Each structure stands twice: as structure tokens, then as C-alpha cells.
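Chemist: my questions are about this predicted structure, shown below with the sequence.
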Amino acid sequence: MTKRPRAWRWCVLPLIVAAQAGCTRQADATDPQVITIEARRFAYSPAVIRLKKDQPVVLELISKDGLHGFNAPELGLRSDVIMDGPSRLTFTPRKTGRFIFHCDIFCGSGHDQMAGEIVVVDD
Ligand SMILES: [Cu+2]
């Protein structure tokens, strides 16, 4: 009784998926604009931020002197602003107008005046 040796077939099918084009990411119109906002007693810099409607943006918030807040209630944005930041808020403005933001963490005698404005214009 002899067993036939198995006929192994070595099927080497090199599958080379050239996905390079899908992996390399280049800046284009869909990449969010990044805006850095510095907070210090008792102001933001820049204090006025101009954005275009329907264009995504990342706000990078960093404090220069302790804990602050960033609150733009009409835009539904809020974050702590810390020295070890940045804290990031990603959003896409969907309406034009002028929207106040302010510090909502008490930071000293000028805290009540610590505010700025986001201005959203049509593209
Ligand atoms: Cu404050």
C-alpha cells in the first residue's frame, strides 16, 4: 500500500497593492485651517478671528500665564486653556455673523473684560 505523495503546489501570488496614492496626504482645500490663539491676563491674541463659512478650522488654544477658559456659546465651543496645551477645538462654522468668545474661568481682576470675537463671513 503506497501513498501518493501529496502534490504540493506552491502558489506564490505576490499581492502588491500600490496604495501609495491613498496614503500620501497632501494639504488641500479640505484640510482644516489651524489658528493658534494665545490667552493671557486679560486678553486673547488674536482677539478677532476671521473665518469663512463652511470651511473647517482647528483652534489651538494655549495659555501664557495660568488657567483660562474659551467659551463661544453661540457656536457651541468651549475649552479650558492651559499652559501645557494646546487644547484643540475643531469645528466648521455654518452661519455667518459675529460671535463673542470669553474667558469663563476666573483669572483675576480683569477677567470680566477677557473676550474676543469670531467673525464668520461668506466664502
Ligand atoms: Cu478669566
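Modeler: Perfect, thanks for sending it. Numbering: from 1, shown residues only.

Chemist: element containing Leu89?
Modeler: If you go by DSSP states H and E, Leu89 is part of strand 87-91.

Chemist: and the helix or strand following that strand, does that touch the ion?
Modeler: Counting by DSSP H and E, the element after strand 87-91 in chain order, helix or strand, is strand 97-102. No: counting by C-beta under 5 Å from the ion, the ion has no neighbours in strand 97-102; the shortest distance is 8.0 Å. In this view, the C-beta of every residue, glycine as well, is placed from N, C-alpha and C.

Chemist: what's the mean pLDDT across strand 97-102?
Modeler: For strand 97-102, mean pLDDT is 98.

Chemist: can I get it as CSV, trimmed to CA atoms?
Modeler: Output of strand 97-102 as CSV, limited to C-alpha atoms (Å, rounded to 0.1, in the frame of the first residue of the first chain):
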residue,chain,number,x,y,z
GLY,A,97,-22.0,86.7,11.8
ARG,A,98,-20.1,88.0,14.8
PHE,A,99,-19.8,85.7,17.8
ILE,A,100,-18.3,86.7,21.1
PHE,A,101,-16.0,84.4,23.0
HIS,A,102,-14.9,85.0,26.5
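
Chemist: list the buried residues in that strand.
Modeler: Phe99, Phe101, His102 (16 or more other C-beta atoms under 10 Å).
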